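Peer 1: need the 3D shape of this:
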Amino acid sequence: MIEYNELLNGIIFGNANDIVSFRLFLFVIFCLVFSLAIDWFYGELPGRIHPVVIIGSIISFFKDIFIRIKNKLSGLFLVLCTCLVSGLILFIIYWICSFNTLVLIIAFSILLSSTYSVNMLLQTAIDVKNDLNESIDKARKSVSYLVSRNTEELTESFIVSAVIESLTENITDSYVAPIFYYFVFALIILFYPINNQIYYLLLVPVIYRIFNTLDAMVGYKTDELIYIGFLPAKIDDILNYIPSRIAGLFVVVSAYLLGLDGKNSYKIMRRDARKCPSPNSGYTMASTAGALNIQLIKKDTYILGDNNKDIIADDITNAVNLSKLAIVLFTITIVVLFTLIYVIL
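Peer 2: Now for the predicted structure:
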């Protein structure tokens, strides 16, 4: 197995400790860039082998077992068993790949790319807009896969609103949060090395994706899920607390750079972000509503932004561009900060 001090052996020369830390630094950056290229040019892995699909199957298996426990311990058992089994599978993959550096880098990057989904996030919104240009019924069907609300009678403006809400809400959990935790842990192991740290570096964003998937599958206050979903939903809220606010700020900055209403974006984010049932989802949605000077409405749940103009299909394009730039700026910023901290410390 490739040990930490053998990683990328022969790339540079110098003090042994400096070489080791620099190799890890290069590994962290290169694998992120490689994973982004995989996501952008290839997209999602096939469903049968996609880690999130596998995680979902593991969750379903243990959910059927522990849901019989009618208290919040059921959620704890579900979390522990899902994390342990998923972590074990990941370690087996890591162990098999770790005998060859190139194979390890490729496998690591592929698995890292599966913890987020930029290409699909943006393309899905564009696809619904294209469907809307063809037929409102086709758009209603397409948007039904994105949101939990009834879409059978949605008007064009509510379809556009639903698409923008789904797109911008997912900026956080589809990219910013897993990459945020990836770099936070990378900094930790850069200065405090541990055994099998490449495995743990990948495990961190995978664990985030596990909790995000748990929340999506069981984090509802229905009679069936009220107990088993309590803990996963709370942990997901905690994990998204900082990333959601970071993402919201990057949407504001992006609004300024794109010539949209950056001032209003910040104003509406501060005013309306807490109107959503989730403590985190409103930051990117509200900042987008402010940037585009539109209202995003989910009936009987929230109204974000001011009704300064009618919402139209082209607002989806503007929201996609805004989301794309926010993601790019976040990536550049976190890589630069990671680099500066490494150089300075």
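Peer 1: quick check: buried residues in the lowest-mean-pLDDT helix or strand in the chain?
Peer 2: Within the chain, confidence by mean pLDDT, DSSP states H and E is lowest for helix 16-41 among all helices and strands, at a mean of 87. Using 16 or more other C-beta atoms under 10 Å as the test for burial, helix 16-41 gives 19-25, 27-29, 31-32, 34-36, 38-39. In this view, the C-beta of every residue, glycine as well, is placed from N, C-alpha and C.
Peer 1: same thing with stretch 154-165?
Peer 2: Quick answer for stretch 154-165 (16+ other C-beta under 10 Å): Leu154, Ser157, Phe158, Ile159, Val160, Ser161, Ala162, Val163, Ile164, Glu165.
Peer 1: what do you get for stretch 181-197?
Peer 2: Tyr181, Tyr182, Phe183, Phe185, Ala186, Leu187, Ile189, Leu190, Gln197.
Peer 1: is it correct that the last one is in contact with Ile188?
Peer 2: No. If you go by C-beta atoms under 8 Å, Gln197 and Ile188 don't touch, sitting 9.1 Å apart.
Peer 1: which residues in the stretch 101-250 of the chain form helices?
Peer 2: Per DSSP state H, counting those that start in this stretch, the stretch 101-250 of the chain carries helices over the ranges 101-113, 118-134, 136-144, 156-171, 177-191, 197-218, 230-257.
Peer 1: circling back: would you reformat the buried residues of stretch 154-165 as a markdown table and include distance to Asp306?
Peer 2: Shown next, in a markdown table, are the buried residues of stretch 154-165 (distance: C-beta to C-beta, whole Å):
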| residue | distance to Asp306 |
| --- | --- |
| Leu154 | 21 |
| Ser157 | 15 |
| Phe158 | 17 |
| Ile159 | 20 |
| Val160 | 16 |
| Ser161 | 14 |
| Ala162 | 19 |
| Val163 | 20 |
| Ile164 | 15 |
| Glu165 | 16 |
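Peer 1: contact partners for Asp237?
Peer 2: Ser278, Pro279, Asn280 (C-beta atoms under 8 Å, 6 or more residues apart in numbering).
Peer 1: what is the neighbour count of Asn307?
Peer 2: Neighbour count for Asn307, taken as other C-beta atoms under 10 Å: 11.
Peer 1: and what of Thr222?
Peer 2: Counted with other C-beta under 10 Å, Thr222 comes out at 8.
Peer 1: then Pro243?
Peer 2: 24.
Peer 1: next, the residue lying closest to Tyr241 once chain neighbours are set aside: secondary structure please.
Peer 2: Nearest non-adjacent residue to Tyr241, counting by C-beta to C-beta, 6 or more residues apart in numbering: Asn280, 6.1 Å away. Classification of Asn280 using DSSP: H, G, I helix; E, B strand; the rest coil returns coil.
Peer 1: can you offset everything so residue one is 59?
Peer 2: All set: I'll call the first residue 59, so the last point we hit is now Asn338.
Peer 1: what residues sit buried inside the top helix by length along the chain?
Peer 2: The residue-count maximum for a helix in the chain (DSSP state H) belongs to helix 372-402. Residues 373-374, 376-378, 380-385, 387-389, 392-393, 396, 400 are the ones in helix 372-402 that count as buried (16+ other C-beta under 10 Å).
Peer 1: touching, Leu169 and Leu259? I think so.
Peer 2: No. Contact between Leu169 and Leu259 fails when scored by C-beta under 8 Å: they sit 10.8 Å apart.
Peer 1: wait, is Ile113 part of a helix?
Peer 2: Yes. Using three-state DSSP, the assignment for Ile113 is a helix.
Peer 1: so for it, what's the pLDDT?
Peer 2: Note for Ile113: predicted pLDDT of 97.
Peer 1: could you measure from it over to Cys141?
Peer 2: According to C-beta to C-beta, to the nearest Å, Ile113 and Cys141 sit 10 Å apart.
Peer 1: overlap of the contact sets of those two?
Peer 2: Common contacts of Ile113 and Cys141 (C-beta under 8 Å, 6+ apart): Ile268.
Peer 1: more crowded one of these two?
Peer 2: Taking other C-beta under 10 Å, Ile113 and Cys141 do not tie; Ile113 has more neighbours (23 against 18).
Peer 1: give me the distance between that one and Ser302.
Peer 2: 21 Å.
Peer 1: can you check Phe249 too?
Peer 2: 27 Å.
Peer 1: what's the answer for Ser171, then?
Peer 2: Ser171 is 22 Å from Ser302, by C-beta to C-beta.
Peer 1: which residues touch Asn254?
Peer 2: Phe149, Tyr152.
Peer 1: rounded mean pLDDT for stretch 229-242, please.
Peer 2: The model assigns stretch 229-242 a mean pLDDT of 97.
Peer 1: give me the number of residues near the residue nearest to Tyr299?
Peer 2: Neighbour tally, Asn338, other C-beta under 10 Å: 25.
Peer 1: my read: it touches Thr230, true?
Peer 2: Yes. Counting by C-beta under 8 Å, Asn338 does reach Thr230; the two are 6.6 Å apart.
Peer 1: shared neighbours, those two?
Peer 2: Asn298, Ser302.
Peer 1: just give the nearest non-adjacent residue to Asp364, would you?
Peer 2: Nearest to Asp364 is Gln353, by C-beta to C-beta, 6+ apart, at 6.5 Å.
Peer 1: do the same with Asn366
Peer 2: Asn351 (4.2 Å).
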